[in-house]
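Undergrad: How does the following fold in three dimensions:
(one chain, ligands or ions: 1)
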Amino acid sequence: MIEFNHLRKVYPSTEALRDLTLTIPNGKIFGFLGHNGAGKSTTLKSLVSIIEPTSGTINVDGYNLADHRLSIKKKIGYVPDSPDMFLELTANDYWDLIASAYEIPKDVREQRQTKLARLFDMDSHADEPIGDFSHGMRQKTVVIGALLSDPDIWVLDEPMTGLDPQAIYDLKTLMRSHAAKGKTVIFSTHVLATAQELCDELAILRHGQLIYNGSVKQLLSTMPNASLETIYLKMAGRQGDSQVIDQLEGADKHD
Ligand SMILES: Nc1ncnc2c1ncn2[C@@H]1O[C@H](COP(=O)(O)OP(=O)(O)OP(=O)(O)O)[C@@H](O)[C@H]1O
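TA: Here you go, the predicted structure:
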């Protein structure tokens, strides 16, 4: 179980998180939704210790993150919001780096890497530089890296961006099976159909504030026959949406 208690993050020009309090249970797929800049990555980066919150605490399985940083980091596999890093390394070098940081035994690492690289069609590209990869191949490289240590807690920031349909299907299957084992799967997405299909529970952020936390079922029951997209846009979307689109359409007609 992961608990965020009154988390705040202030950047010089923005208050990215405002008093975020929520609990993420084990054994569920938990989704973060919110417009660009809502605070999703900031929340996930705080959990994986890439950034330090301005105030507030995070507890993982009852342990305070600030006091047990290293042991908690080792339980987490993280897919960052951008796969454009370590471009000069080969995929293999990158996985080596992760294997040594997580102290994964050589035989375990080899077994898992072989399976994951084959699953994501990356086995024949392992010795090529990441900088030569397409966006989707870079994404597959970081997904494999995140899952290499078989971590209990998966923190996936927009993990499906750029993946092909087969890889998306496979990743969704892995996420479901990991949660079914009672482990934790946290991900952010802008694809509301995916969130509706995959998530058990959701947090919706707007301007760094939590505007919904609960089950997808419960949220869908608030508006019978409406999709998550419809409900989300009512909660988090621009007011007078159709008016703005009508004005744009009108402007186009006069061009
Ligand atoms: N390193 C940084 N320095 C300054 N401001 C930042 C930094 N990182 C994020 N921010 C600001 O914090 C706010 C939240 O950003 P964050 O990346 O958490 O949003 P997000 O919900 O993940 O957005 P997106 O959907 O676009 O990825 C934004 O206003 C952003 O400009």
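Undergrad: Show me what from the chain comes close to the ligand.
TA: Tyr11, Thr14, Ala16, Gly34, Asn36, Gly37, Ala38, Gly39, Lys40, Ser41, Thr42, Asp81 (C-beta under 6 Å from any ligand atom). In short, each C-beta sits where N, CA and C put it, glycine included.
Undergrad: Which helix or strand contains the fifth one?
TA: If I follow you right, that is Asn36. Under the criterion DSSP states H and E, no helix or strand holds Asn36.
Undergrad: now swap in the third one and tell me
TA: Assessed by DSSP H and E, Ala16 sits inside strand 14-24.
Undergrad: buried residues in that strand?
TA: Neighbour-count burial for strand 14-24 flags Ala16, Leu17, Arg18, Leu20, Leu22, Ile24 (criterion: 16 or more other C-beta atoms under 10 Å).
Undergrad: Which other helices and strands does it contact?
TA: Other helices and strands packing on strand 14-24, by 3 or more C-beta pairs under 8 Å, 6 or more residues apart in numbering; DSSP states H and E, are strand 2-11, helix 40-47, strand 55-60, strand 201-206, strand 209-215.
Undergrad: Now do the last one against strand 2-11, angle only.
TA: Pointing back at strand 209-215 there. 160 degrees (axes from the mean of the first three to the mean of the last three C-alpha atoms, to 10 degrees).
Undergrad: buried ones in strand 209-215?
TA: Leu210, Tyr212, Asn213.
Undergrad: For the spatially closest residue to Gly31 that is not a sequence neighbour, list the residues it contacts.
TA: Leaving out its chain neighbours, the residue that sits closest to Gly31 by C-beta to C-beta, 6 or more residues apart in numbering is Cys199, at 3.8 Å. Taking C-beta atoms under 8 Å, 6 or more residues apart in numbering, we find Cys199 in contact with Ile29, Phe30, Gly31, Val216.
Undergrad: just checking, the last one touches Ala193?
TA: No: the criterion here is C-beta atoms under 8 Å, and Val216 misses it with Ala193 at 11.9 Å.
Undergrad: the more surrounded of the two?
TA: Using other C-beta atoms under 10 Å as the criterion, Val216 and Ala193 rank with Val216 on top: 19 against 11.
Undergrad: can you tell me how far the residue nearest to the more buried one when sequence neighbours are not counted sits from the ligand?
TA: Using C-beta to C-beta, 6+ apart and skipping the chain neighbours, the partner closest in space to Val216 is Cys199 (5.2 Å). Relative to the ligand, Cys199 is positioned 16 Å away (C-beta to the nearest ligand atom, to the nearest Å).
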